[in-house]
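Student: below are the sequence and a predicted model for it; my questions follow.
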Amino acid sequence: MKIRKAEKKDIPRILTLLGQVLQIHAEIRPDIFISGTTKYTSCELEELLKQEDTPIYVAVNEDDLCIGYAFCQLKEQPFSNNMVPFKSLFIDDLCVDRQARGQHIGEGLFEYVKQQAKKLGCYEVTLNVWAGNTSAERFYEKMGMKTKERQMEYIL
């Protein structure tokens, strides 16, 4: 397995994997996510690939076929003037093809993101996990992540 920045040729596979992630979320929260859709279109992905502050890293197999990805966003802190300024690399989405899971591809992607964050001068790597996605929670805890804050809701 090799990890590199995503390229235009990776878009069809990325779309397939985006569909897999969406399905997991749609099963957990059908009141929010629409089954059978994806977070981005092909055109939106092409635009994201051009942005320096939204790197997409892909894990590829020996045939250079994308088998996992990590969508990231470089963020500047603070959100208000009472916080120390720092940079953060936010993992917006991380996925490994369901047929390739259990081969440590997710771990490789996560470690690669950490290395890139260090190179970019970031203080931290952050992400969100939907309540109910217990396999993702366990994975990120295994990677050493800890809860920083919690978003709560009251459905009307």
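Tutor: Alright, I've got the coordinates.

Student: which parts of this protein are strands?
Tutor: Remark: strands assigned in the chain by DSSP state E are 2-5, 56-60, 66-76, 87-96, 124-127.

Student: how far away from the center of its chain is the third one?
Tutor: What it means is strand 66-76. 5 Å (CA atoms, centre = their mean, to the nearest Å).

Student: ok, which stretches of the chain are helices?
Tutor: 11-28, 42-50, 105-119, 134-142 (DSSP state H).

Student: now the first one: buried residues?
Tutor: By neighbour count, with 16 or more other CB atoms under 10 Å as the criterion, the buried positions of helix 11-28 are I11, R13, I14, L17, L18, V21, L22, Q23, I24, H25, A26, I28. The C-beta positions use only the backbone N, C-alpha and C, and glycine is treated the same way.

Student: what's the pLDDT at the spatially most central residue of the chain?
Tutor: Centroid check for the chain by CA atoms, centre = their mean gives D93 as the closest residue, at 2.1 Å. Per-residue pLDDT puts D93 at 97.

Student: the nearest residue to it once chain neighbours are set aside: neighbour count?
Tutor: Nearest non-adjacent residue to D93, counting by CB to CB, 6 or more residues apart in numbering: F71, 4.2 Å away. By the measure other CB atoms under 10 Å, the count of residues near F71 is 23.

Student: so what's F71 bridging to?
Tutor: Under DSSP bridges, the beta-bridge partners of F71 are I56, D93.

Student: so it sits against T54, correct?
Tutor: Yes - the pair F71 and T54 passes the contact test of CB atoms under 8 Å, sitting 7.3 Å apart.

Student: shared neighbours, these two?
Tutor: L48, D92 (CB atoms under 8 Å, 6 or more residues apart in numbering).
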